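Asker: I would like to see how this sequence folds:
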Amino acid sequence: DDLPSRVFSSMVGWIEGDDRASATPSAAVEANGSSACSSKRKELLGDAQLLRARRGMQIESPFGNDGIIRRWAPLESLLEYALCAELAVDTTELGVMLTEPAHAPRTSREKIAELLFEKHSVPAAYVAKSAPLAAFASGRTSALVLELGASCTSAVPVVEGVVPINRALRTPVGGNAVCDRISTMMESKGVAARPEHHFTRVAHAG
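Answerer: Residues are numbered from 1 along each chain as shown. Below is the predicted model:
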């Protein structure tokens, strides 16, 4: 297919003290994108759940400001939601391929492989660099790929399908910085940039 069959947010929402929380250590993700755990923390996944304002809801991303996975609990929830709720596939029958940025560490790949093999029992798994795949999609094996993400921007050379990591450049300025700048400009002109429900950004260590 030329386009992805499923597109959803990489954020995970959660509410503490939900009465419908399960008594089991972990619960399967429901079709509507909610799951519960023994600590009475209800997780909300998917755009339909995240775009609905709820009092006391917090939203977090598995990724740090460098685009690398830093929080594995929400990543596990997202992975389960993607495979079980969105795609609704039997993971024991299909191999899984994931992508990662050029500067992702080996430990991240090892942890993802561990999750896929041990928790989802996939028969095969492969983690590919995103830059070569972008070049291949354009019909090229060699290219200079510019990746603009939420938290950083990277210029990654691809030579015959291989990424020379020491030649890749990255700056910690991305889409979030652009959005913050636009919001600041609008507020300076007296234009309210916030929705009716208020939100607060919380910084995570690391």
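Asker: CA atoms for contacts and neighbours, from now on please.
Answerer: OK.
Asker: tell me which helix or strand residue 183 sits in.
Answerer: helix 175-188 (DSSP states H and E).
Asker: mind listing the helices for this protein?
Answerer: Assigned by DSSP state H, the chain shows helices spanning 47-50, 72-80, 106-114, 130-137, 175-188.
Asker: can I get those in TSV including mean neighbour count and mean pLDDT?
Answerer: Listed next are the helices of the chain as TSV, based on neighbours: other Cα atoms under 10 Å; pLDDT from 0 to 100:
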stretch	mean neighbour count	mean pLDDT
helix 47-50	16	87
helix 72-80	18	92
helix 106-114	14	94
helix 130-137	19	94
helix 175-188	13	88
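Asker: how about these in JSON lines, adding distance to residue 168?
Answerer: Converted to JSON lines, these look like this (distance: least, Cα to Cα, whole Å):
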{"stretch": "helix 47-50", "distance to residue 168": "33"}
{"stretch": "helix 72-80", "distance to residue 168": "26"}
{"stretch": "helix 106-114", "distance to residue 168": "16"}
{"stretch": "helix 130-137", "distance to residue 168": "10"}
{"stretch": "helix 175-188", "distance to residue 168": "19"}
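Asker: so which of those helices is nearest residue 167?
Answerer: Distance to residue 167, taken as Cα to Cα, is lowest for helix 130-137 among these, at 12.8 Å.
Asker: which outside residues touch that closest one?
Answerer: 99-102, 141-143, 145, 147, 156-158, 161-163 (Cα atoms under 8 Å, 6 or more residues apart in numbering).
Asker: can you show me the CA trace of it as CSV?
Answerer: Output of helix 130-137 as CSV, limited to C-alpha atoms (Å, rounded to 0.1, in the frame of the first residue of the first chain):
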residue,chain,number,x,y,z
SER,A,130,14.1,5.3,8.9
ALA,A,131,16.4,7.2,6.5
PRO,A,132,17.1,4.3,4.1
LEU,A,133,13.5,3.4,4.0
ALA,A,134,12.6,7.0,3.0
ALA,A,135,15.3,6.9,0.3
PHE,A,136,13.9,3.5,-1.0
ALA,A,137,10.4,4.9,-1.1
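Asker: just use 274 as the starting number from now, easier for me
Answerer: OK, 274 is where the count begins now, so the last one is helix 403-410.
Asker: and it, how far out from the chain's middle?
Answerer: With Cα atoms, centre = their mean, to the nearest Å as the basis, helix 403-410 stands 19 Å off its chain's centre.
Asker: stretch 349-356 too?
Answerer: For stretch 349-356, the distance to the chain centre is 10 Å (Cα atoms, centre = their mean).
Asker: ok so, going back, in strands only, show me the contacts of helix 403-410.
Answerer: With DSSP state E as the criterion, strands contain 372, 373, 416, 418, 420, 429, 430, 431 from among the contacts of helix 403-410.
Asker: which of these count as buried?
Answerer: Among the ones in strands among the contacts of helix 403-410, those classed as buried by neighbour count (16 or more other Cα atoms under 10 Å) are 373, 416, 418, 420, 429, 430, 431.
Asker: coming back round to it: among the helices of the chain, which is nearest residue 393?
Answerer: The nearest among the helices of the chain, by Cα to Cα, is helix 345-353 at 8.3 Å.
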